[in-house]
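> 3D, please:
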Amino acid sequence: MTTNLSSHISVVIPCYQVTQHILGVIGAIGSEVDSIYVIDDQCPDGSGDFVSEHCTDPRVKLLRHEINQGVGGAVMTGYRAALDDGSDIMIKLDGDGQMDAALIPSFVAPILAGDADYTKGNRFFNLEKIGAMPKARLIGNSLLSFMTKLSSGYWDLFDPTNGYTAIHASVARHLPFNKISTRYFFETDMLFRLNTLRAVVVDVPMDAKYGSEVSNLKISRIIGEFSVKHCRNFIKRIFYNYYLRDLSIASIELPMGIALLLFGSLFGMYHFLDGKDVSTPAGTVMIAALPILIGCQLILAFLGYDIASVPRRALHVMQERTAKNVNKLKKNHQDGTSK
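Residues are numbered from 1 along each chain as shown. Coordinates of the predicted model:
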């Protein structure tokens, strides 16, 4: 797949309390970017007014929210505007200066090459640089990453809360913008939505920069909320992928595994409590243990199938090829009719 140098590339920057950093972020964006969308998410510091007064970059388009909608809501506003203006690839860049704008070509390249529909940063790739990350974020991101693997189905990704992302426009058009989480769960919910589309997602190695900025994301505050939403997305993903859109051996392994595991556990617990003063017959022990062992094996088999099912063929490439083939068939039909 050859790189399309004429692709229109846009950057979306949600702004909330970033007046100290936003001009530096915009100034660092290279000439490969055609449009920059700055979204003032009802910022109490007046980020929109600050950019309007001090930024002279002609690529910048300022969008404003009358009501704060969260980072996800701001990004969705930027996506809609970029799509309306004909953007081919949209990069989401935070306005706090933590993300290196010089990496934009690295995020765009896999999409242009047809290897990905969506790229995201991974701050855990370089082991020597992980030490610079605050310990609380390191532990919190590790826990959230494992939960995201389960709920999204992208088992080969890490650092799910990383907001440095890029997406192809043809894939973004299929996203249910009105259903995606608008707050801190936004990046993780995006992965779940992308998996339901069977989009290819690729991690891009990056180093995070930690300066004077203050993060609004507190792991201790959101871990409970995230756990509930991860469980919801996991159940929905399993239903969509294994029962609504397709049926496979994994569709049988998971419910049978859970049923056998629950039966063996409840049966064994009942007989343990009922006969704790007398020895339990070997047959009773086997009736409890065997379903547990088989149930665990079936669940592991399902997980193995799920891990192997991570999308590998870029959705936007297949869509482009389909469109070309359709146009070719129409042209051939018209030529045959004219003869």
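
> Look up how far V60 lies from A259.
57 Å (C-beta to C-beta, to the nearest Å). Quick note: C-beta positions are derived from backbone N, CA and C, even for glycine.

> what number of residues lie near R245?
10 (other C-beta atoms under 10 Å).

> With S227 instead?
So S227, with other C-beta under 10 Å, has 14 neighbours.

> repeat for the one 5 residues further on
When neighbours are counted by other C-beta under 10 Å, R232 registers 13.

> what's the answer for F146, then?
13.

> more neighbours, A259 and V60?
Each of A259 and V60 has its neighbours counted (other C-beta under 10 Å); V60 has more, 17 against 13.

> distance of the more buried one from A74?
For V60, the distance to A74 (C-beta to C-beta) stands at 15 Å.

> And R123, by the same measure?
Going from R123 to A74 by C-beta to C-beta gives 22 Å.

> Check M90 too.
In terms of C-beta to C-beta, M90 sits 13 Å off from A74.

> For these two, indicate the residue with more neighbours.
A74 (29 against 25).

> Let me see the contact set for that one.
12, 14-16, 39, 41, 65 (C-beta atoms under 8 Å, 6 or more residues apart in numbering).

> Buried subset of the residues you listed as a ChimeraX selection?
Restricted to buried positions by 16 or more other C-beta atoms under 10 Å, the ChimeraX selection for those reads:
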select :12,14,15,16,39,41,65
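
> which one among the contacts of A74 gets closest to E53?
C15 (13.8 Å; C-beta to C-beta).

> Was I right to think that closest one contacts C55?
No - at 11.4 Å, C15 and C55 do not qualify as touching, with contact defined as C-beta atoms under 8 Å.

> intersection of neighbour lists for those two?
With C-beta under 8 Å, 6+ apart as the test, C15 and C55 both reach V38.

> Burial check on T280, number of neighbours?
Residues within reach of T280, counting by other C-beta under 10 Å, total 14.

> Helix, strand, or coil at it?
coil (DSSP: H, G, I helix; E, B strand; the rest coil).

> in terms of contact, does it touch F272 like I think?
Yes - T280 lies in contact with F272 (C-beta under 8 Å); the separation is 7.2 Å.

> right, and K149 touches W155 too?
Yes - counting by C-beta under 8 Å, W155 is a contact partner of K149 at 5.0 Å.

> Please say which of these two ends up with more neighbours.
Comparing K149 with W155 by other C-beta under 10 Å, the one with more neighbours is K149, at 21 against 14.

> F302 versus L150, what's the distance?
In this view, L150 and F302 are 12 Å apart by C-beta to C-beta.

> neighbouring contacts of the helix or strand containing K331?
For K331, the host element (DSSP states H and E) is helix 315-338. With contact meaning C-beta under 8 Å, 6+ apart, helix 315-338 is reached by 1, 111, 114, 117, 168, 170-171, 197-200.

> do the same with stretch 77-87
Stretch 77-87 is touched from outside by 8-10, 12-14, 34-35, 37, 39, 61, 63, 65, 69, 90, 92, 167, 169, 172-173, 177, with contacts defined as C-beta under 8 Å, 6+ apart.

> which SS state does the nearest residue to P44 once chain neighbours are set aside fall under?
Closest residue in space to P44, ignoring its immediate chain neighbours: Q17 at 6.7 Å, by C-beta to C-beta, 6 or more residues apart in numbering. Counting by three-state DSSP, the backbone at Q17 sits in coil.

> D41 is in contact with Q17, correct?
No - look at Q17 against D41 with C-beta under 8 Å: they stay out of range, at 9.6 Å.

> which residues touch I67?
I67 touches Q42, counting by C-beta under 8 Å, 6+ apart.

> let's go with 10 Å and repeat that
41-42, 73 (C-beta atoms under 10 Å, 6 or more residues apart in numbering).

> Ok, S309 next?
Taking C-beta under 10 Å, 6+ apart, we find S309 in contact with 153, 155, 195, 198, 241-242, 246, 248, 250.

> and which of those residues is nearest A28?
Of all the contacts of S309, A28 sits closest to N195, with 31.9 Å by C-beta to C-beta.

> host element of the residue most central in space within the chain?
Taking C-alpha atoms, centre = their mean, the centroid of the chain lies closest to L191, which sits 2.5 Å from it. L191 belongs to helix 186-197 when assigned by DSSP H and E.
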